[in-house]
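K.L.:
From the sequence below, what's the structure:
(chains A and B)
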Amino acid sequence: NAGVTQTPKFQVLKTGQSMTLQCAQDMNHNSMYWYRQDPGMGLRLIYYSASEGTTDKGEVPNGYNVSRLNKREFSLRLESAAPSQTSVYFCASSDAMNTEAFFGQGTRLTVV
Amino acid sequence: GESVGLHLPTLSVQEGDNSIINCAYSNSASDYFIWYKQESGKGPQFIIDIRSNMDKRQGQRVTVLLNKTVKHLSLQIAATQPGDSAVYFCAETDDKIIFGKGTRLHILP
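P.N.:
This next block holds a predicted model:
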């Protein structure tokens, strides 16, 4: 039972570098989400995809782009990483927007 | 280990006692609410949910209460155990899932 799989688990970037965080789910869910979690801030929604072919901004979208590649995969891209993007990133999926979301194990990103 | 939740509000409860964790939500249009548990170094895990047409829902050792009038949600954990030690988040859903700030539950021996 893989559920939601995120890669990589850890990453260190230099300021200005780009990278893509990958997320895949095997539950045939329609909706997928990207969150970031900072100490004392809880989880903040970056982008979400209500269904294949659609993406929408969340609470903190600046500095990020997303691609819903197919129903299974939803990637998050940092075009020019900044130290303020140091965080733990979580991908999640749900059958619909108003049902339980299942989370991956997270990607810890450090930008130096 | 993970430093998430370092500055979160903390609730300390004696093992065996009941725990009550509170949450205020902001969007009166939210129609679905979820409580998640997050252990150190892991992603959030679903505990229990409730829809806006209900005011109470019970699970195994957990109860969620919803007061739409004051936009308040609570999670009650019966007979708190050491394994309940974690950070607890409420989440509200209208067209997207938005999380609250979280509360750390600390179990006293």
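K.L.:
what residues does chain A put near chain B?
P.N.:
A:4, A:33, A:35, A:37-45, A:48, A:50, A:56, A:58-59, A:88, A:90, A:92, A:94, A:97-106 (C-beta under 8 Å from any C-beta of the partner chain). In this view, the C-beta of every residue, glycine as well, is placed from N, C-alpha and C.
K.L.:
Restricted to buried residues, select those residues in ChimeraX.
P.N.:
Burial among these is assessed by 16 or more other C-beta atoms under 10 Å in any protein chain shown; the matching ChimeraX selection reads:
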select /A:4,33,35,37,41,42,43,44,45,48,50,58,88,90,92,94,97,98,99,100,101,102,103,104,105,106
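K.L.:
Let me know whether the worst-scoring helix or strand of chain B on mean pLDDT sits next to chain A.
P.N.:
In chain B, no helix or strand scores lower on mean pLDDT, DSSP states H and E than strand B:97-99, which sits at a mean of 89. Yes. Counting by C-beta under 8 Å from any C-beta, chain A is contacted by strand B:97-99 at B:97-99.
K.L.:
can you check stretch B:43-52 too?
P.N.:
Yes. Looking at stretch B:43-52 against chain A by C-beta under 8 Å from any C-beta, the contacts come from B:43-46, B:49, B:51.
K.L.:
just the strands in chain B please.
P.N.:
B:10-14, B:19-24, B:32-38, B:45-51, B:56-58, B:62-67, B:72-77, B:86-93, B:97-99, B:103-108 (DSSP state E).
K.L.:
any idea which of the ones you listed scores lowest on pLDDT?
P.N.:
Lowest mean pLDDT within the strands of chain B: strand B:97-99, a mean of 89.
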